[in-house]
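>>> predicted model and sequence below, questions to follow.
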Amino acid sequence: MAIINLTDSQDPSRFTFSALGESLFSPLSKILETADFTRQCPEFPDSDWLKMGVTRCLLSAKSGRDFLQRFDGLCSDGAMHRATFFGTLKSKRRLEMCATANEKLCGHIAKTHGNGLSSMPGLEKFAVYAADGHFHSAAAHDPIIEGSKRPVGHIFCLNLRTHAATHLTVADQVNCKKREHEMRTLKRMNIKALRQGASKGTKVLYAYDRACIDFTQWETWKQGSGIYMITLVKANMAPIKCGDRVVDHSDPHNAGVISDEYIGSASGVHLRRITFKDMATGTVYVYVTNEMTLLPGVLAQIYKMRWDIEKMYDETKNKFGQTKAWASSAEAKTMQAIFICMTHNLLLCLEVILEKEEGLINVAEEKRKAERLRLTISQVAEAGAVLPTGRLAIQRSTQRSVKLIRWVGSRLFSAVSWAVACVALKNLYSEL
């Protein structure tokens, strides 16, 4: 396979990564070859800086100094000075560059990974995301406020078509005495950022947990910006039923849908309430949304897929070890979140390379996934029902495996060839 070196045209890289490392970073190589958002910096090129940020996530370092020492021990091309590395974490220019690089990486994934929602009718004009808040503990040098350090709140987003991850925003740590509520954080965002580059005429649908409920704001987003929300109802909600919507129960996409209703909120906003029964578990879910055109079964499936972002958090917390803020500046905290997304996205790209070019898949996990689906179909059949079409059609990994992450992290600087590294991964996939 062709290996592309990750280098700036003006600033040669200081670090030598393995063939595996070069393959991991190859999507960024292509992005940087034509980038107009980088700047010449001989001491610490932008390409090296991006690689180091991703490497820090992969090595699960406990602190910045821990990472630099481990990086120095692995990389034979010269140590990175502590002040240089930490100084760049405060750079507004590098933050913008990092965000732009990940945005372009997500665009690359959209072209190479296909459409994971292609089997779902009516979504042609929709950008569909799962979003949720997530906290990191305070940085070592964060200030003590009212007797304690304040954790850092982030809102992350997962594209449900491609599984690409983005960072929406960071919570306000200056003007809030306590943790900022996620809805307040979302309200502060500008519309362009919330639409995430969606073209004119494209609707943007977010599956979010109950923290997003603010029906007046939903109406503002819908009418002014084409942004829609779906979540679970709260127990204390007392909506007014305004009428029933016709449900085509013969459509296999609607399997499990009990009812689809028009409701009104206390603020006068017209909404939709969908009651759905998961035939595999018998659990009944009640959703509320301001989207009025999609099949109720399609919306129920989209919300079920919101669980993917929870699995991404498990990936970043337990496999990348990202539980604590890297530094105290607002720029550093946002950079860390973007690097987490970038690491997830690069591993996603690497999985495609491994499967398409080397025929490598996680055999054990595929067997477990097939067995889970078989048991689910059997349970539903025993109940005299069928699974919704979307549940059957959309079968994909919800996170990157720890086998893959450890394999990459342990071989980023190794002299082992690509072919030998792939043999090792094949053995891991088949034996463990």
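Great, that's in hand. Keep in mind the model is a prediction, meaning the values are calculated, not measured. Numbering: from 1, shown residues only.
>>> what secondary structure does Gln399 sit in?
Three-state assignment for Gln399 (DSSP: H, G, I helix; E, B strand; the rest coil): coil.
>>> buried ones in whatever helix or strand Gly243 lives in?
Assigning secondary structure by DSSP states H and E places Gly243 in strand 240-244. Going by neighbour count (16 or more other CB atoms under 10 Å), nothing in strand 240-244 comes out as buried. Where you see a C-beta, it was placed from the backbone N, CA and C, and this is true even at glycine.
>>> which other helices and strands contact the following helix or strand past that strand?
Using DSSP H and E, the helix or strand that follows strand 240-244 in sequence is strand 257-264. Using 3 or more CB pairs under 8 Å, 6 or more residues apart in numbering; DSSP states H and E as the contact test, the elements touching strand 257-264 are strand 240-244, strand 270-277, helix 296-304.
>>> which among these is found nearest to Ser250?
Ser250 sits nearest to helix 296-304 of all these, at 11.6 Å, using CB to CB.
>>> mean confidence score for that closest one?
The pLDDT scores in helix 296-304 average 96.
>>> surely Glu310 meets Asp132?
Yes: contact criterion CB atoms under 8 Å: Glu310 and Asp132 qualify, at 7.1 Å.
>>> give me the more crowded residue out of these two.
Counting neighbours by other CB atoms under 10 Å for Glu310 and for Asp132 shows that Asp132 has the greater number, 22 against 16.
>>> gap between that one and Lys92?
Going from Asp132 to Lys92 by CB to CB, to the nearest Å gives 27 Å.
>>> what does Val298 give?
From Val298 to Lys92 the distance is 41 Å (CB to CB).
>>> and what of Lys369?
Between Lys369 and Lys92 the distance, using CB to CB, works out to 43 Å.
>>> how about Ala140?
Summarising the geometry, the distance separating Ala140 from Lys92, computed by CB to CB, is 22 Å.
>>> more neighbours, those two?
More crowded of Ala140 and Lys92, by other CB under 10 Å: Ala140, with 14 against 10.
>>> what's near enough to touch the more buried one?
Taking CB atoms under 8 Å, 6 or more residues apart in numbering as the contact definition, Ala140 lies against Ser63.
>>> what helix or strand is it on?
With secondary structure defined by DSSP H and E, Ala140 is part of neither a helix nor a strand.
>>> pLDDT wise, what is it at?
86.
>>> quick check: it vs Ala235, distance?
When distances are taken as CB to CB, Ala140 and Ala235 turn out to be 40 Å apart.
>>> same check, this time on Leu95
To Ala235, Leu95 is 40 Å away according to CB to CB.
>>> the more surrounded of those two?
Between Leu95 and Ala235, counted using other CB under 10 Å, Leu95 has the larger neighbour count: 20 against 7.
>>> show the average pLDDT along the strand holding Gly243.
Summarised as a single mean, pLDDT over strand 240-244 is 95.
>>> and it with strand 257-264, angle?
Following axes from the mean of the first three to the mean of the last three CA atoms, to 10 degrees, one obtains 130 degrees for the angle between strand 240-244 and strand 257-264.
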